[in-house]
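[1] The sequence isn't on hand, but the structure is:
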């Protein structure tokens, strides 16, 4: 199955950012993992910086190399700024939209809800996390899944949603209302470095 199953805090500490959500381990030890993590002062090469940015994006969205490479090829084919289009494609993934709507507390939880057939797209059950959501598609929680504790608690604790998604609490449905602009995507990813890496 296309996902990282290893320790999350270790990855977050490597990048120095809570890319999987709030992390107490990162707060306590905000330096790299391993016995030399607190003493690494070596200057990174240009390639190392580009590679780290790609890895950060992959871990953030829960995508493995082949899928991410295919997304980059698709972004390259489209008109516009390649890096921005790449992030827009990542944001349009079904598991990410479920997370952005507040149905799940994390992208991992959103992925699990999708694969366990708790989510519908335009009334049809969809169990493919990488499904690309189109503008106006109705994303909903299945009728028999609306009382799931993970769903109810996540919706109760959901903060302010991104501008490009809309959520109707009465019907428990949402949708991708607009293609997000780069300024609307909250992830701290330097997409230009990823473009430079793939362009070598």
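    Done, it's in. Note that the structure is predicted; figures quoted are calculated from it, not measured.
[2] who's in contact with the nearest residue to residue 89 once chain neighbours are set aside?
    Spatial nearest neighbour of residue 89, excluding adjacent residues (C-beta to C-beta, 6 or more residues apart in numbering): residue 71 at 5.0 Å. In this view, the C-beta of every residue, glycine as well, is placed from N, C-alpha and C. Contacts for residue 71 (C-beta atoms under 8 Å, 6 or more residues apart in numbering) come out as 63, 86, 89, 90.
[3] Tell me the confidence at the residue most central in space within the chain?
    For the chain, the residue nearest the mean C-alpha position is residue 61 (3.0 Å; C-alpha atoms, centre = their mean). pLDDT recorded at residue 61 is 91.
[4] ditto for the one 10 residues further on
    We have a pLDDT of 95 for residue 71.
[5] among the contacts of residue 71, which ones are buried?
    63, 86, 89, 90 (16 or more other C-beta atoms under 10 Å).
[6] Name the SS class of the third one, please.
    Read that as residue 89. helix (DSSP: H, G, I helix; E, B strand; the rest coil).
[7] circling back: could you save the buried ones among the contacts of residue 71 as a markdown table and add columns showing distance to residue 129?
    Listed next are the buried ones among the contacts of residue 71 as a markdown table, based on distance: C-beta to C-beta, whole Å:
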| residue | distance to residue 129 |
| --- | --- |
| 63 | 10 |
| 86 | 18 |
| 89 | 14 |
| 90 | 12 |
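[8] nearest to residue 114, of those residues?
    Closest approach to residue 114 among the buried ones among the contacts of residue 71 (C-beta to C-beta): residue 63, at 14.0 Å.
[9] That closest one contacts residue 90, doesn't it?
    Yes - assessed by C-beta atoms under 8 Å, residue 63 is found in contact with residue 90 at 7.1 Å.
[10] which residues in the protein form strands?
    119-121, 124-125, 138-141, 165-168, 173-176 (DSSP state E).
[11] so what strands line up beside the fourth one?
    Strand partners for strand 165-168, identified by DSSP bridges, are recorded as strand 173-176 (antiparallel).
[12] And for the strand it pairs with, what's in contact with it?
    Outside strand 173-176, the residues that reach it (C-beta under 8 Å, 6+ apart) are 92, 97, 101, 103, 133-140, 164-168.
[13] Name the residues of stretch 61-78 that are buried.
    Buried residues in stretch 61-78, counted by 16+ other C-beta under 10 Å: 61, 62, 63, 67, 68, 71, 72, 75.
[14] Stretch 176-191 too?
    176, 180, 185, 189, 191.
[15] Now, those residues that are in helices?
    residue 191 (DSSP state H).
[16] Of the buried residues of stretch 176-191, just say which sits nearest to residue 82.
    Of those, the one sitting nearest to residue 82 (C-beta to C-beta) turns out to be residue 191, at 8.1 Å.
[17] Excluding chain neighbours, what is closest to that closest one?
    Of all residues not flanking residue 191 in the chain, residue 83 sits nearest, at 3.2 Å (C-beta to C-beta, 6+ apart).
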